[in-house]
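Chemist: Got a sequence here, can you model it:
(one chain, ligands or ions: 1)
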Amino acid sequence: MAGMSTENIRVRFAPSPTGFLHVGGLRTALYNVLFARKHGGSAVLRIEDTDRSRYVEGAVENLLSTLEWAGLRFDEGPEQGGASGPYVQSERSDLYRAHAEQLLAEGKAYRCFCSPDELAASRERQLAEKKDPTYDRRCRMLSEAEISEKRDAGLPFTVRMKVPLAGQLQFRDLVRGDITVHYDVIDDQVLLKSDGYPTYHLANVVDDHHMQISHVIRGEEWLPSTAKHMLLYEFFGWAPPQFAHLPLLLNQDRSKLSKRQGDVAVEDYREKGYLPEALINFVALLGWNPGDDREMFTLAELEKEFSLERVGKAGAVFDVEKLKWFNGQYLRALPAEDLVEICGPWMREAGFDTTDPARTRSVVSSLTNYLTLPSDITEHLGLFTGGPVHITGEEAQNLVADAPAQQVFTRFVELAAELEDWRGESIKAMIKAIQKDTGVKGKQLFMPLRLALTAEEHGPDLGMIAELLGRDETISRIRAQLR
Ligand code: GLU
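Modeler: As a prediction, this is how the structure comes out:
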């Protein structure tokens, strides 16, 4: 980026631990890490857990382990520590309270004694009048004496920011360009709740400042909050960071990505056997593009290529089929032993005996091209397990019943019984010999054999299938087709 000092690039991923990591959160985390790496800066992980009503047991641990699974590493955070810690907001409450006090003292914020019931009633009234509900600012008008009286009576209060009543503010978003917001659409936002905990807005701005964050890269849903944040920077007299709001993630029908139309938790994809490399590659392209038609990127490549200039404004469709395609690419590129390791549990669950490592490995290798998810392997295991083969479809049934096929089968049974070495290569040589002996060749030779052994018209190498089935099972399947 022109004119930008790269030494002080500091970004943060600031999730609220709500129980799982959303795929949109994964993208935000990824783009932050990529931006930091690209510019030799630091990526900070900060846990925003000030909303105690949304606290979920184990959510932080889950978040950390999911990020680690995805291969995203942060330079500072709750686990690794760092000079700007603690990195968990619930451990920083005093700091936020002190800043709220400062704004009160400077007349930039005020105490609001309105009870939740009063606020709800006012909200209802406004909705009935078809107005956007905003706080009516009645406590902003309280006199010193009224405030003292309420405080002496021990009434609970929140602290609200005093948004100017007229005027506007402007800021520049690195993705969306110049943005102007009129003050009259900004509510007097609560900064400190009556339980003494800060709201997201106060904690977020105080931390971004104290953690010296240079760039705030986050989802577009936070764009409307940014005006409030800019105002807070102004109130405190701090230089704001630069903002980059990432485009929305969309369902296929271009509505906002939702649980109803598919999985949104990274954990769901992890459990289904998606590889982290595939998910990262896929998510990287949801909003960013390399400027050409390349699609396959490792994390290391993304760290070199990524730039905010190539992040678009348009919503990005979350196309699970595309994700599956990526997964297939990455699965097929794995070394055989890794693939065996990944597919093993699915095979065992399907009742397949994996105790013979060489056989398991051959089965997996022969099916590699048919996998987009490791669980797909279970659909093909029937090829290698005993049991009758049912050939369906009239054309296929006629093909195996025809004279040339019957000739092939007869010769196959004769030669197979005597074949010395029951291995893929020698079985293929035997099929060549059958061609010579019977004069049947090409599709007429191979298709009936394939149908007899697998009931399918396509599939893995025929010699390999016969080898894995074993001599007895192979002969019995061929025999079953003799008329
Ligand atoms: N805690 C907010 C969230 O859960 C962070 C938003 C931001 O990055 O400012 O997404």
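
Chemist: okay, stretch 70-88 in PDB with CA atoms only?
Modeler: Provided in PDB are the C-alpha atoms of stretch 70-88 (Å, rounded to 0.1, in the frame of the first residue of the first chain):
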ATOM      1  CA  ALA A  70      -7.600 -24.000  10.300                       C
ATOM      2  CA  GLY A  71      -3.900 -23.300  10.600                       C
ATOM      3  CA  LEU A  72      -4.300 -19.600  11.500                       C
ATOM      4  CA  ARG A  73      -1.600 -18.400  13.900                       C
ATOM      5  CA  PHE A  74      -1.700 -15.100  15.900                       C
ATOM      6  CA  ASP A  75       1.200 -13.300  17.200                       C
ATOM      7  CA  GLU A  76      -0.500 -12.100  20.400                       C
ATOM      8  CA  GLY A  77      -3.600 -13.500  22.100                       C
ATOM      9  CA  PRO A  78      -4.900 -15.200  25.200                       C
ATOM     10  CA  GLU A  79      -2.600 -18.200  24.700                       C
ATOM     11  CA  GLN A  80       0.600 -16.700  23.600                       C
ATOM     12  CA  GLY A  81       0.300 -13.400  25.600                       C
ATOM     13  CA  GLY A  82       2.000 -10.200  24.400                       C
ATOM     14  CA  ALA A  83       2.700  -6.600  25.400                       C
ATOM     15  CA  SER A  84      -0.900  -5.400  25.000                       C
ATOM     16  CA  GLY A  85      -2.600  -8.100  27.200                       C
ATOM     17  CA  PRO A  86      -4.700  -9.300  28.700                       C
ATOM     18  CA  TYR A  87      -6.400 -10.300  25.500                       C
ATOM     19  CA  VAL A  88      -9.700 -11.300  27.000                       C
END
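
Chemist: What residues sit buried inside it?
Modeler: 70, 72, 74-78, 82, 84-85, 87-88 (16 or more other C-beta atoms under 10 Å). C-betas here are computed from N, CA, C, even on glycine.

Chemist: quick one: which of those is nearest Arg361?
Modeler: Ala70 (28.1 Å; C-beta to C-beta).

Chemist: need the residues of the protein near the ligand, please.
Modeler: 14-16, 48, 200, 204, 218, 222 (C-beta under 6 Å from any ligand atom).

Chemist: Inside strands: which ones of these?
Modeler: In this view, the residues of the chain next to the ligand that belong to strands under DSSP state E are Arg218.

Chemist: In helices, which of the residues of the chain next to the ligand appear?
Modeler: 200, 204 (DSSP state H).

Chemist: now the residues of the chain next to the ligand: which count as buried?
Modeler: By 16+ other C-beta under 10 Å, these give 14-16, 48, 200, 204, 218, 222 as buried.

Chemist: which one of these sits closest to Ser93?
Modeler: Closest to Ser93, out of all of those and judged by C-beta to C-beta, is Glu48, at 12.7 Å.

Chemist: Could you measure from that closest one over to Asp173?
Modeler: 21 Å (C-beta to C-beta, to the nearest Å).

Chemist: now Leu469
Modeler: 62 Å.

Chemist: Looking at the two, which is more packed in?
Modeler: The neighbour count for Leu469 versus Asp173, taken as other C-beta atoms under 10 Å, is higher for Leu469 (20 against 17).

Chemist: Show the contacting residues for that one.
Modeler: 383-384, 453, 477 (C-beta atoms under 8 Å, 6 or more residues apart in numbering).

Chemist: What is the burial count for the closest residue to Ser426 other than its chain neighbours?
Modeler: Once flanking residues are discounted, Ser426 sits nearest to Leu419: 6.2 Å by C-beta to C-beta, 6 or more residues apart in numbering. Neighbour count of Leu419, defined by other C-beta under 10 Å: 16.

Chemist: next one: Glu341
Modeler: 13.

Chemist: For the helix or strand in which it is found, list every residue counted as buried.
Modeler: Using DSSP states H and E, Glu341 sits in helix 336-349. Applying a neighbour-count criterion of 16+ other C-beta under 10 Å, one finds 339-340, 342-344, 346-347 buried in helix 336-349.

Chemist: Now tabulate those residues in JSON lines and tack on distance to Val23 and pLDDT.
Modeler: Below are the buried residues of helix 336-349 laid out as JSON lines (distance: C-beta to C-beta, whole Å; pLDDT from 0 to 100):
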{"residue": "Leu339", "distance to Val23": "25", "pLDDT": "96"}
{"residue": "Val340", "distance to Val23": "28", "pLDDT": "96"}
{"residue": "Ile342", "distance to Val23": "21", "pLDDT": "95"}
{"residue": "Cys343", "distance to Val23": "24", "pLDDT": "96"}
{"residue": "Gly344", "distance to Val23": "27", "pLDDT": "96"}
{"residue": "Trp346", "distance to Val23": "23", "pLDDT": "95"}
{"residue": "Met347", "distance to Val23": "28", "pLDDT": "96"}
